[in-house]
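In: After the sequence you'll find the predicted model.
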Amino acid sequence: MINRTPFFSFVRPLAVVAFGGNALLPPEDSGTTEEQLVRAREAVRKLLPILGKGYELVVVHGNGPQVGNVLIQAEAAADRVPRQPLDFCVAQTEGSIGFLLELAFGNELSKAGFRKEIVTIVTQVQVDAADPAFDKPTKPVGPFFPKDKAARLMDEMGWSMVEDSGRGWRKVVASPRPVAIRGVDVMAALVNRGHIVIAAGGGGVPVVVTEEGEIRGVEAVIDKDYAASMLAASLQADLFIVLTGVERVARDFGKPTQRELPEISAREAKALLAEGQFPAGSMGPKVDAAIRYIEAGGREVLITRAESLAEALEGRTGTRIREATA
């Protein structure tokens, strides 16, 4: 379900771009604020060609490593400070990563000749309380625990936990699909004033709406590509950009028969997804999110790696997904 009303009319075309939290906190970094500031500026420089092509810009970032660190910090201080629920941790990282990106944009835009304001919206993303994902949580989050402590936490906190590849036990939470993005009208108004909007970070803060109309946060993780897809469709964005680790989507990836796909229709992408061409743990959710955007009325998706974005915007690389013309 995607809310496509009201109709938004923007002065300039709009691009929504999604990239992962590893862009700001890759595994090889220690995770200091200074390192993340450097990474944020590197990421922003790679996004500037979008503005150069005349688009307004909405940015959706991941937060996997960052929210993991917040949960580790919370556990280390659990005997002194009450543990915060996951939705609060997601909100924290939305704010902190948004601040990093605001600083990076603020410093890089003027150097590139752009005059824009940047705003971060801590975004509530509505999910369905009856989503089957809540019946069987599968998304591991936070630190590893020894078996005896995991058993105690499951008993005391009511957590679902699983053993993770011999490394210890981890909490698992649901990963429901988004059903609505809250605050889209506000984002549209900001975009129409020429501002860069950072929204739905980490997939957004998951909330449910009760039968009485009460909004409450839930312990869950929303896939940021699905949230970005819904946001792009809800804003009627002209271009949805998904940044990943490869230059182009490929059929038979990693095999001798591998074939890159410069351009495919959403119908073709859906058939390839059904064939198992795009694994669930890597390209699958990105292609599925692209299909959902197109099926909701979106115009065009571009999938590529950040380092190749400038060339991809010129049509020299990347994978374009559009609806079939016939």
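Out: Everything's here; your move. Numbering: from 1, shown residues only.
In: what's the distance between residue 221 and residue 199?
Out: Going from residue 221 to residue 199 by Cβ to Cβ, to the nearest Å gives 17 Å. C-betas here are computed from N, CA, C, even on glycine.
In: Kindly report the same for residue 130.
Out: 26 Å.
In: More neighbours: which of residue 221 and residue 199?
Out: Between residue 221 and residue 199, residue 199 has the larger neighbour count (other Cβ atoms under 10 Å), namely 28 against 25.
In: Tell me the helix or strand right after the helix or strand encompassing residue 37.
Out: Per DSSP states H and E: residue 37 is located in helix 33-52. Downstream of helix 33-52, the next assigned helix or strand under DSSP H and E is strand 56-61.
In: Just the C-alpha atoms of that following strand, please, in CSV.
Out: The C-alpha trace of strand 56-61 is given here as CSV (Å, rounded to 0.1, in the frame of the first residue of the first chain):
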residue,chain,number,x,y,z
GLU,A,56,16.2,18.4,-6.2
LEU,A,57,17.4,15.8,-3.8
VAL,A,58,16.0,13.6,-1.0
VAL,A,59,18.6,11.3,0.7
VAL,A,60,17.8,8.0,2.5
HIS,A,61,20.8,6.4,4.3
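In: contact partners of it?
Out: Defining contact as Cβ atoms under 8 Å, 6 or more residues apart in numbering, one finds that strand 56-61 is touched by 10-21, 23-24, 47, 50-51, 97, 101, 187, 191, 194, 196-202, 224, 227-228, 231-232, 235, 237.
In: could you redo the last one with a cut-off of 6 Å?
Out: Strand 56-61 is touched from outside by 12, 14-18, 50, 97, 191, 196-198, 200-201, 224, 228, with contacts defined as Cβ atoms under 6 Å, 6 or more residues apart in numbering.
In: can you check stretch 142-155 too?
Out: 71, 72, 75, 159, 161, 167, 168, 169, 170, 171.
In: likewise stretch 165-182?
Out: By Cβ under 6 Å, 6+ apart, stretch 165-182 touches 1, 3, 124-128, 131, 133-134, 137-142, 144-145, 150, 159-164, 219-222, 226-227, 230-231, 234.
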